[in-house]
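>>> okay, predicted coordinates and the sequence, questions at the end:
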Amino acid sequence: MANVTFRFYAELNDFLAPGLRQRSFPHSSADNASVKHMIEALGVPHTEVELILVNGRPVDFSRRLEEGERVSVYPHFGMFDITPLMNLRRPPARGCRFIADAHLGQLAKNLRMLGFDVLYRNDYSDAEIARIAASEDRIVLTRDRDLLIRKEIIHGCYLHAVACDEQLVEVISRFNLAQAARAFSRCLTCNGELHSIDKSRVADRVPQHSRQVYERFFECKGCAQVYWEGSHVDRMRDRVAQMLELGTPPASDEETG
């Protein structure tokens with residue numbers, strides 16, 4: 001066994017036992033254990049770690065720990081680019097594409113409203129989420145830290161907030177999404193992309209009043225659901241503006257409607 005001193009910073013302390021938070025503490029490491037193994041053994045998912053220092057020097061997850069070493073573990077830095085220090089994982093190949101676990105349906109819907117690619121089903125198993133995330137290079141959104149510890153998952157985000165609006169702020173802030181939003185470009189139901197379509201081609205799928213009043217219509221490439229710019233659009237635009245105000249949780253549906 002190797003005796004190693006650990007120190008976790010900022011929100012990573014939320015994953016630790018109360019007596020280990022906000023301080024340095026000794027911990028016994030199995031002979032030749034990797035730093036990744038020991039970090040996760042203490043309850044911190046590897047997806048939440050952005051920088052690891054051993055004796056003040058940056059290391060990757062594979063680093064083997066030795067007697068007397070000091071390990072400092074940091075979360076995502078947000079506005080600071082630490083790539084020159086150490087890149088613990090490759091970036092997502094296709095930008096920010098997500099998969100949300102079964103408990104995050106409203107968050108998935110809100111992200112789709114902003115135009116982000118989010119897979120969601122309320123019957124996804126943890127194994128399915130891990131498999132899809134790995135095969136499609138998606139970022140896992142969850143409040144289940146055991147899910148994020150699965151070795152297949154490279155990119156993930158543990159949501160500390162319980163309220164959906166606060167979760168949305170977490171995701172937007174962590175992945176710097178505000179400038180990448182393309183509101184109303186995705187289907188809220190199936191995640192398919194929307195495309196403009198002539199009113200005459202969807203006349204039989206639109207209520208008579210809407211056909212008479214509105215001119216712009218959109219169809220989902222995935223499920224063929226039809227959308228149009230009805231009277232609710234101004235309210236939805238206000239909602240989108242609120243969601244993109246980083247650091248300020250958006251108003252609830254009751255407040256906007």
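That came through fine.

>>> all helices for the stretch 1-150 of the chain, in order.
For the stretch 1-150 of the chain, the helices defined by DSSP state H, counting those that start in this stretch occupy 35-41, 105-113, 126-136, 145-148.

>>> so which of the ones you listed comes closest to residue 236?
helix 105-113 (7.3 Å; Cβ to Cβ). All C-beta spots, glycine's among them, are computed from the backbone N, C-alpha and C.

>>> could you dump the helices of the stretch 1-150 of the chain to CSV with mean neighbour count and mean pLDDT?
As requested, those are arranged in CSV below (neighbours: other Cβ atoms under 10 Å; pLDDT from 0 to 100):
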stretch, mean neighbour count, mean pLDDT
helix 35-41, 19, 96
helix 105-113, 21, 95
helix 126-136, 17, 97
helix 145-148, 18, 96
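
>>> nearest to residue 24, of the ones you listed?
helix 35-41 (14.5 Å).

>>> touching the closest one from outside, list them.
4, 6, 27, 29-30, 46, 49, 52, 54, 59, 61-65, 71, 73, 149 (Cβ atoms under 8 Å, 6 or more residues apart in numbering).

>>> at 6 Å instead, please
29, 46, 52, 61, 63, 65, 73, 149 (Cβ atoms under 6 Å, 6 or more residues apart in numbering).

>>> and it, C-alpha only, in PDB?
What follows is helix 35-41, C-alpha atoms only, in PDB (Å, rounded to 0.1, in the frame of the first residue of the first chain):
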ATOM      1  CA  VAL A  35      -4.800   8.100 -10.100                       C
ATOM      2  CA  LYS A  36      -8.100   7.700 -12.000                       C
ATOM      3  CA  HIS A  37      -8.800   4.500 -10.000                       C
ATOM      4  CA  MET A  38      -8.200   6.300  -6.600                       C
ATOM      5  CA  ILE A  39     -10.200   9.400  -7.600                       C
ATOM      6  CA  GLU A  40     -13.200   7.300  -8.500                       C
ATOM      7  CA  ALA A  41     -12.800   5.100  -5.400                       C
END
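
>>> counting neighbours, what do you get for the residue lying closest to residue 5 once chain neighbours are set aside?
Spatial nearest neighbour of residue 5, chain neighbours left out: residue 70 (4.7 Å); criterion: Cβ to Cβ, 6 or more residues apart in numbering. Residue 70: 13 surrounding residues under other Cβ atoms under 10 Å.
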